[in-house]
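Asks: dropping the sequence and predicted coords here.
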Amino acid sequence: MNYQDTYIGVLKKYAVFDGRAGREEFWTFTLINLAINVVLNVLSGVIGIIFSMIGMIFGLAVLIPGLAVGVRRLHDIGKSGWWILIGFIPVLGWIVLLIFALMKGESGSNQYGPNPTDTTTPNTPQPASMPPQNTSL
């Protein structure tokens, strides 16, 4: 999967707060948003207010997907999505969220769903195996 597909995939799951998001999905979305914000801020400083408005509109447009992927990332490490609120504590809360975002997700399924990075187990349920048939009469 390439970065564009990952970024668009997060936007397609606009307000999906359940499930899990791996580190690649979270960090791809976060770093692309950071790059876009830097470009828009530079352009607003050079060109003027129109790019400031575009930057604010972009920020509002990615606010909910950003929260959703953050909550899904917390689910991946086995934490409740409510931990996202620790970000309201300046510096200390941001450091805690950064550490959580850098942590490796739980292997296998957890209470929030299957592991998003597990390529050996598909997300679709497997049919139960058939018991051996008794051929003797």
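Replies: Done, it's in. Residues are numbered from 1 along each chain as shown.
Asks: what does stretch 102-117 rub up against?
Replies: 18-25, 72, 75-78, 118, 121, 123 (C-beta atoms under 8 Å, 6 or more residues apart in numbering). For every residue, glycine as well, the C-beta is placed using N, CA and C.
Asks: so how far is the first residue of that stretch from its last?
Replies: Its start and end residues considered, stretch 102-117 measures 15 Å (C-alpha to C-alpha, to the nearest Å).
Asks: report the rounded mean pLDDT for that stretch.
Replies: Averaging pLDDT along stretch 102-117 yields 92.
Asks: what are the buried residues along it?
Replies: 105, 106, 112, 115, 116 (16 or more other C-beta atoms under 10 Å).
Asks: what of stretch 36-53?
Replies: 40, 44, 51.
Asks: quick one: contacts of that stretch?
Replies: Residues from elsewhere that reach stretch 36-53, judged by C-beta under 8 Å, 6+ apart: 54, 55, 58, 59.
Asks: in the protein, which spans are helices?
Replies: Using DSSP state H, the helices of the chain run over residues 3-12, 23-46, 49-61, 63-76, 92-102.
Asks: and residue 87, how close does it get to residue 49?
Replies: Distance, residue 87 to residue 49, using C-beta to C-beta, to the nearest Å: 29 Å.
Asks: quick one: residues contacting the most centrally placed residue in the chain.
Replies: Geometric centre of the chain, nearest residue: residue 69, 3.0 Å, by C-alpha atoms, centre = their mean. Applying C-beta under 8 Å, 6+ apart, one finds that residue 69 lies in contact with 10, 13, 21, 25, 26, 29, 30.
Asks: thanks a lot, see you next time.
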